[in-house]
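Student: Need a 3D model of the following:
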Amino acid sequence: MIVRGVYFGWYVVAATIAIYALVLGSTFASFGLYVLPVSEEFGLSRADINTGLIVLNLGNATLAPLIGRLLDKVSARKLMMVSSLLFAASMAIISQSNSLWLDAGLIAVPVAAGVLGGGTISVSVLLARWFTVYRGRAMALAALGMALGGIVVAPVIGQLIETQGWRFSVLVTGTGAGLVMALLAFLMRDRPGPDDVEVRGKVADLVPEPVEKAPPPPLEPAPGALTILRMPLFWLLAIAIGFGSSVGQGLTVSLVPIALDAGLTTMQGAGLISASGIAGLVAMLALAAWGDRIDRTLLLSVVLTSCLVPCALLLVAKSYIALLLTALVLGFALAALAPIYIALMADRFGLAAFGTVRGLLVPVMSLMGAVSVRYIGEVFDRTGSYDFGLWAYLVLIALSAGMVLSTRPRKEMAD
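Tutor: Below you'll find the model as predicted:
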């Protein structure tokens, strides 16, 4: 139902919340819940079962540049619909498959395409197109869906795994998520029209009035992928964001197994994911209120630095209280990370090639995430503990925060 006078961009935000919750809640947020039941059925080690997430990351890395470039060329709405239906069909097949190779192939291509084209890249491009003045607020509100994936979807998956088994859980949540995403994509619009006004009344004073007498500046062609890849700024930000995201993935995928090893039940492990989601919800509300008022480069550096806390907590204690606090801080940091870096990349590189920039950023993040997930699993398999991996994570987080801070324009640093 469309209410007159409401900017359509806010409907895009609402749809994005649901899409983020469904696509991330049924994949990345809940992956840890599948580690033990799937590994027991197929006789896999921790490192081996983490390969499922690695394959998804590698699929993301391969497909993201293509999907990002397509978003600058074709209808985002149509791409989202096709990708979402692929996601639904693939999850249905995985739920019935007994072939690890078939599962890996499906995860690497159609599932990854659904995550990117039906979700993460497409909706971030749409949000950047629909918002200029309130871009940070829109990104933060939309990212509430990332938190809701842990709060709502993960407990449902945990309950289904305990009562009906992991296969039924994949069938219901994966297929259902893809179909709902396709329906939401059908209701989307690619970009604002002439009658769509983001701000009205006094708020419109935030937008500079055009100079009528001066001719409009010629439109510069959008930089291509090779041009962007030659920019040191892109690599500094991409590697720093990749470090932070990969540490977050490693911690997230290990949190539930650590909890289960400590004697917690599957539902208690799902409760940790929910707690992480609640903390993410708080982070999104805070960003929605103040995210556009703080320098995004500084803000991203602070958020990355906060990831030191869960790493340190898991090094010194693995009690339920320590795990709960780890989940809360981790959820807050990871939920804040995505909208901040997406808005920052849109600010720094502009909208004309934003799809391409997002597409190029994903392979860096995905490859780092794949290495991180495999690494933390191997550390446990070889040493019986995650401690060595956690020390490495501490170093990477400190490095990533410093790299982001180094990209601040000198004028801002002087101020």
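
Student: Tell me where this protein has strands.
Tutor: For the chain, applying DSSP state E gives no strands.

Student: where along the stretch 1-150 of the chain do the helices fall?
Tutor: Secondary structure of the stretch 1-150 of the chain (DSSP state H, counting those that start in this stretch): helices located at 8-25, 31-42, 46-49, 51-71, 76-96, 100-106, 112-115, 121-130, 135-142, 144-148.

Student: out of these, which comes closest to residue 406?
Tutor: helix 135-142 (21.7 Å; C-beta to C-beta). (Glycine included, C-beta is placed from N, CA and C.)

Student: Now do that closest one and helix 121-130, the angle between them.
Tutor: Orientation check (axes from the mean of the first three to the mean of the last three C-alpha atoms, to 10 degrees): helix 135-142 against helix 121-130 gives 140 degrees.

Student: on that earlier part again, can you say which of the helices of the stretch 1-150 of the chain is nearest to residue 229?
Tutor: The minimum distance between residue 229 and the helices of the stretch 1-150 of the chain falls on helix 51-71, with 10.0 Å, by C-beta to C-beta.

Student: The closest one: which residues count as buried?
Tutor: Using 16 or more other C-beta atoms under 10 Å as the test for burial, helix 51-71 gives 51-65, 67-71.

Student: Centre of the chain to stretch 22-41, how far?
Tutor: In terms of C-alpha atoms, centre = their mean, to the nearest Å, the gap separating the centre of stretch 22-41 from the centre of its chain is 16 Å.

Student: Can you give me the buried ones in it?
Tutor: In stretch 22-41, counting by 16+ other C-beta under 10 Å, buried: 22-39.

Student: for stretch 285-304, same thing?
Tutor: 287-288, 291-292, 296-297, 299-304.

Student: Between these, which sits nearest residue 246?
Tutor: Checking the buried residues of stretch 285-304 one by one against residue 246 (C-beta to C-beta), the nearest turns out to be residue 304, at 11.7 Å.

Student: For that closest one, which residues are in contact?
Tutor: By C-beta atoms under 8 Å, 6 or more residues apart in numbering, the residues touching residue 304 are 240, 243-244, 333, 337, 397, 400-401, 404.

Student: And residue 339, how far from residue 139?
Tutor: 4 Å (C-beta to C-beta, to the nearest Å).

Student: and if you look at residue 343?
Tutor: Distance from residue 343 to residue 139, by C-beta to C-beta: 5 Å.

Student: When these two are compared, which one has more neighbours?
Tutor: Ranked by neighbour count (other C-beta atoms under 10 Å), residue 343 and residue 139 place residue 139 first, with 29 against 26.

Student: Could you check the pLDDT of that one?
Tutor: Note on residue 139: pLDDT of 82.

Student: Test my guess that it contacts residue 337.
Tutor: No: contact between residue 139 and residue 337 fails when scored by C-beta atoms under 8 Å: they sit 11.3 Å apart.

Student: got a list of what the closest residue to residue 140 other than its chain neighbours touches?
Tutor: Closest residue in space to residue 140, ignoring its immediate chain neighbours: residue 287 at 3.4 Å, by C-beta to C-beta, 6 or more residues apart in numbering. For residue 287, the contact set (C-beta under 8 Å, 6+ apart) comprises 136-137, 139-140, 143, 336, 339-340.

Student: cool, and residue 300?
Tutor: 241, 337, 340-341, 344, 404.

Student: in the stretch 1-150 of the chain, which ranges drop under the pLDDT threshold?
Tutor: Counting by pLDDT under 70, the stretch 1-150 of the chain contains low-confidence ranges at 1-5.
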